[in-house]
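Asks: fold the following for me, if possible:
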Amino acid sequence: MAAEAGVAAASAAAVGFGLFDYNRANYLYDAEFRFERFSTGREYAVEQANQFRNDLRTLSALTMVKNNQYAGLAALDMALCIALYCAGRLGLHGPSPPGWIMALWITSNAASFAFMALAILLALHASYRAQAASVNLLTRKIRVPVPSMRHLDKARRFSSEFEQQQWSDILRVPYLTNPGVPKTDETSAKVAGSASRARSASPGRRSRSSKASSWIREEFETDRAGTVTGTMQPGGLLPADSAPEHFRLYAAVQKEWFQYDIYARVCMLLGFSAFVQSLAFYGNGHIIVELRAFYVAHATAFVIEVLHVLLLRFDIIQGRVKSTDRTPAWFLWLGPASVAFATVGMSLDFRTQFNIVAIIFTWICIFGAYICQFCYQLRILEVILPDDVRNPLKLEENIGDAWWPATWRCPSAFAHVLYFVAPPSRLQPGQFDLVREMKNGPQDDAFESAGVAGLESKPVDTSDASANPGMTAEEIAAQVQYLDRLFDYFMSDQVHSQMSESNRQRVKDLFAEFSSARRKGAGPEAVRTFTDCLIALEGVQATEGLMKEGDFGTDTGYTSTGSMGSSGSSGEEEEESVKGYTWDGRRLWKTDAAVRLFQKKGEIEPWRLINVLQLAICGAWAFLILAMVVDIFLGDQGLVTAPHWSRPPMSRLSLEPHELGTPLGFPWYAGAKPWLPEQMAWHEEKREAMSGFISAPHSGQEEGGGGHSNIHKGEARRLSADVHASPARSALRDILELLPGSEPAKEVPVQTVWPGFFEPRMLACGPHGIAALSPRGVGALVPPAVARHRAFEAARRFRLSGLTHLPPLLSAAFHPESQELMVVTRGGHVATCPDAGASPCAVGHAGLPVSAALRAAAVAWLRDEASNEHHLHAAFIDEALPGLVAVFKLLGKGQAATWHPLGEFSAPFSDEVKEPLSAKVSLSFAPGEIVLTTAAGIVHRRRLQDGLLAESSHRFGGVSTVAQWQDACPMMGGGLAHLRLRRKEGSQAWTPELLTQKLEHTEGRPSLFQ
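Replies: This next block holds a predicted model:
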């Protein structure tokens, strides 16, 4: 008996040891594969996390590349607009075009410039905002789920841990007790018709036949909990088919720049269409005004407007009409029609013959163009507004098409050209979120649970249509309870005051949807609403920076406390966590209030920006319509100075005679009334500011002048001084009479007879008379009595000898106490001629200090007040410096004499007009003064004492081809002699004339012109 008992005990011990060894071998085998399964799952999760990170880069790259292209094209269009404003301006080679065509062109060009500038701002904001969001999510939220050493230690099992298992598992008899292989594929069992089990139920609650070992149950319980520590995550409340975390976060921030992206594209269309219109209007003005081509203008406008129609037809969906529209859809085609009206109007406005009927039709075309443009802009104003809530655009998600949620407001008429892709809101059949399963635990396949076949499964029975995909009644109740707590959190005073106004309204709308769905029960639509509310609130949390550490966040993967939910890549929990720090980067301490940047950004939504700009454009066209009504009564240029080339400046109103009475600036049309001769000849002559009439062309005299071509000679003129002047004109005349040198010069011609073949260019005044000389030394002397109008006598001819080897003469002057005549050549030589040429001239040793040819020169003996001696003074204009008059004084005697500079001043050699004859300048000395005269009749007198301008007179008539002013010299006893050459009509001979006038004594009087 004892032996049998011993045998039985030995057998039992052997069986026990055998079962122990067998189950221990199974435990070690399972432990090895458990760690391998843990490592493999994390490797797949890391690969999928890298795929998620690449998704963010791809979504952001679409926005950045697209908007950078928008900005570059918009900048190019702005450059073209500036080119049309500057280099392409009209009216360069003739009168300006009509104001109405310039208003159409320039206003459209301004609209294009403004839209393109706004497009650059919106595009750059969307591009950089997308890049910033991508960087923010990649560096703070969407991190690679690398397990920490603590996680690896939890996944590892030691051999000695087998001794801590249950005795039923240690001594389990194979095939007789619970089977060791668990049933892990619950989805297939559920689809096959087996009883369903809640996702939160553990494998230990199964039937006895499917009970697994304790270490196997522990492994699957840990997996379903989502972490190796077995902590349940709030993200488990999301449905199984919800989008991955990175898509949900990106969609929440993408909504912030969504409108900036799409309205940058809208601005591109509006800017290009406005530029095409302005190009058509510019073509009309340029071809008609500058090129004078009739048919070309019509053909060019037609081709450009066909392009305009194609742009509108391609970018705008015509059938998409919003419920709030107040303008018909066909208003859009009035934009191209306005160019047609303008083209016909330009053709009528520039017709060859004047016709009042054509003028009436021109005004009809003008108002037709402006009204069409105004209606077109009103239609654009409605098209660019975002859709209202009653008429949202629901896009079908197709491969290659743009897509965004229906709740995002946008102008749906541009939907097909927006090229915008938002992240998906649901997982597709056959797709799995392994990263979320690593954090929240594995979930049932929502598509198979709803009867949707997966990629590798067979079609299943869909008779149970009321089933909620992937969620049981307990899970729905938990989600509703969680949403209640979440809404209470958002509507608390502390949190509600921190949110922006737009998000406050968003939370209220979501709560209304949640309450309505809750009253309807737990059907599929209600579950879908619960899920949408949960995702939307998660987005509000992310945008407002209100994420709390595990209290209400739907996903704790952003903090350092979530074990596998950690966004870090290594380190222990204690090492990664910092008190009061959150990975959202907005708050460092719990006591600090989270302040969101641009919290009031709802005030500057992009659709409001473009709406304000479009309203301004509509207002501009309405203003121009009223302006055209005013132009009917005032004329096209009734409010601005007409352009003219008679007298500068051209940028402001000239004095009265220079603007009134011209062919431009009348309220009637050109040719409606007969032209006056004054109007025809107005641009051909230069007149003094107060000249009351137009003299005969190029007559060179101010009194007794007739009209153009002498048709009104000797008669009263419309602009003559005989008629009654206006009070303003009389007051201006009184003021000008007070200015020295402003009164007309009263010159008296000297009655004498000049020798034949004599065309003098120089004058020399002395005590024995006035000598006129030619550049080659031929002269004629007018006696003093004749010069003072006391006698009549012919001028005595004389010739200077000894000068044939020298260059031509420039000036001559008498010695104040003798008949010695000094002359200066173009080369700077100074020669003295005794007795006015009776003896040969001798060249002095002290030539003028010049190295090149002279333009003008003068020499004279002037008395020095200090020494009471006469010193030789010289003034000349060097060819190298044609704008300066240099004044020198000769000091010393004989070979030791040298020239010393006294000063210099500017010479008006160009006489303010670009004519060759005006370049002639003559110089002469008077007692204490230098006299400068030009071929245009200008006389400048400067004091030698201080260089001040003593007197300046501008002779009427200016440079002409029949009268040329030559030299001038001061007469002995006072007065000025002025030489002029005249040529009679039909003759080529120039006849000299000598005119004298009295000069005012200026010594001691301050200069008005200094």
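Asks: so who does Arg982 touch?
Replies: Contact analysis of Arg982 by C-beta atoms under 8 Å, 6 or more residues apart in numbering lists 700, 962-963, 990-991, 993. Where C-beta positions appear, they are placed from N, C-alpha and C, glycine not excepted.
Asks: closest one of these to Gly974?
Replies: Glu993 (20.8 Å; C-beta to C-beta).
Asks: tell me the bridge partners for that closest one.
Replies: Taking DSSP bridges, one finds Arg980 as the beta-bridge partners of Glu993.
Asks: per-residue pLDDT, it?
Replies: Predicted confidence (pLDDT) at Glu993: the value is 88.
Asks: model confidence over stretch 169-182, on average?
Replies: Here stretch 169-182 scores 64 as its mean pLDDT.
Asks: my bad, stretch 55-67
Replies: Along stretch 55-67, the predicted confidence averages to a pLDDT of 90.
Asks: tell me the buried residues in it?
Replies: 55-56, 59-60, 63-64, 66-67 (16 or more other C-beta atoms under 10 Å).
Asks: what comes into contact with it?
Replies: By C-beta under 8 Å, 6+ apart, the list of residues contacting stretch 55-67 from outside reads 122-124, 126-127, 130-131, 133-134, 137-138, 142, 246-247, 250, 254, 257, 261, 264, 419, 421, 423.
Asks: emit the ChimeraX select command for whichever of these are buried.
Replies: Here the buried members of the contacts of stretch 55-67 are turned into a ChimeraX selection, burial being counted by 16+ other C-beta under 10 Å:
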select :122,123,124,126,127,130,133,134,137,138,142,246,247,250,254,257,261,264,421,423
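Asks: restricted to helices, list the contacts of stretch 55-67.
Replies: Using DSSP state H to define helices, the subset of the contacts of stretch 55-67 located there is 122-124, 126-127, 130-131, 133-134, 246-247, 250, 254, 257, 261, 264.
Asks: and Val327, that one's in a strand?
Replies: Heads up, residue 327 is Thr, not Val. No - under DSSP: H, G, I helix; E, B strand; the rest coil, Thr327 sits outside any strand and is assigned coil.
Asks: could you list every residue that touches the closest residue to it other than its chain neighbours?
Replies: What sits nearest to Thr327 in space, not counting adjacent residues and going by C-beta to C-beta, 6 or more residues apart in numbering, is Arg379, at 4.9 Å. For Arg379, the residues meeting the contact criterion (C-beta under 8 Å, 6+ apart) are 327-329, 331-332, 334.
Asks: ok so, going back, with distance to Leu310 and secondary structure added, can I get the buried residues of stretch 55-67 in TSV?
Replies: Formatted as TSV, the entries for the buried residues of stretch 55-67 read as follows, by distance: C-beta to C-beta, whole Å; DSSP: H, G, I helix; E, B strand; the rest coil:
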residue	distance to Leu310	secondary structure
Asp55	36	helix
Leu56	37	helix
Leu59	32	helix
Ser60	32	helix
Thr63	27	helix
Met64	29	helix
Lys66	22	helix
Asn67	24	helix
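Asks: can I get those in JSON lines with distance to Ala74?
Replies: JSON lines is the format used below for the buried residues of stretch 55-67 (distance: C-beta to C-beta, whole Å):
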{"residue": "Asp55", "distance to Ala74": "29"}
{"residue": "Leu56", "distance to Ala74": "27"}
{"residue": "Leu59", "distance to Ala74": "23"}
{"residue": "Ser60", "distance to Ala74": "21"}
{"residue": "Thr63", "distance to Ala74": "16"}
{"residue": "Met64", "distance to Ala74": "16"}
{"residue": "Lys66", "distance to Ala74": "13"}
{"residue": "Asn67", "distance to Ala74": "10"}
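Asks: work out for me the element Leu902 sits within.
Replies: Secondary-structure element containing Leu902, defined by DSSP states H and E: strand 898-906.
Asks: run through who's touching that strand.
Replies: With contacts defined as C-beta under 8 Å, 6+ apart, strand 898-906 is touched by 846, 848-849, 873-874, 883-892, 942, 944, 947.
Asks: rerun at 7 Å
Replies: Outside strand 898-906, the residues that touch it by C-beta atoms under 7 Å, 6 or more residues apart in numbering are 846, 849, 883-892, 942, 947.
Asks: and the residue nearest to Thr327, which of the three is it?
Replies: Reducing the assignment at Arg379 to three states with three-state DSSP gives helix.
Asks: and the contacts of strand 898-906, which two are furthest apart?
Replies: The span of those, defined through C-beta to C-beta, is set by Gly883 and Gly892 at 30.2 Å.
Asks: residue contacts, the closest residue to His789 other than its chain neighbours?
Replies: On the basis of C-beta to C-beta, 6+ apart, the spatially nearest residue to His789 that is not a chain neighbour turns out to be Val748, at 6.4 Å. Contact analysis of Val748 by C-beta under 7 Å, 6+ apart lists 789, 995-996.
Asks: now the buried members of the residues you listed.
Replies: Buried positions within the contacts of Val748, assessed by neighbour count (16+ other C-beta under 10 Å), are 995-996.
Asks: Val540: which of the contacts of Val748 is nearest?
Replies: For the contacts of Val748, the residue nearest Val540 by C-beta to C-beta is Leu995; the value is 95.8 Å.
Asks: now the host helix or strand of Val435: mean pLDDT?
Replies: With elements delineated by DSSP H and E, Val435 resides in helix 434-440, which encompasses its position. In this model, helix 434-440 carries a mean pLDDT of 75.
Asks: kindly report the same for stretch 621-628.
Replies: Model confidence over stretch 621-628, given as mean pLDDT, is 93.
Asks: for it, buried residues please.
Replies: Of the residues in stretch 621-628, those with enough neighbours to count as buried (16+ other C-beta under 10 Å) are 621, 624, 628.
Asks: go on, stretch 750-769?
Replies: By 16+ other C-beta under 10 Å, the buried positions in stretch 750-769 come out as 750, 752, 754-755, 758-766, 769.
Asks: which two among the residues you listed are spaced furthest apart?
Replies: For the buried residues of stretch 750-769, the farthest-apart pair by C-beta to C-beta is Glu759 and Gly766; their separation is 21.7 Å.
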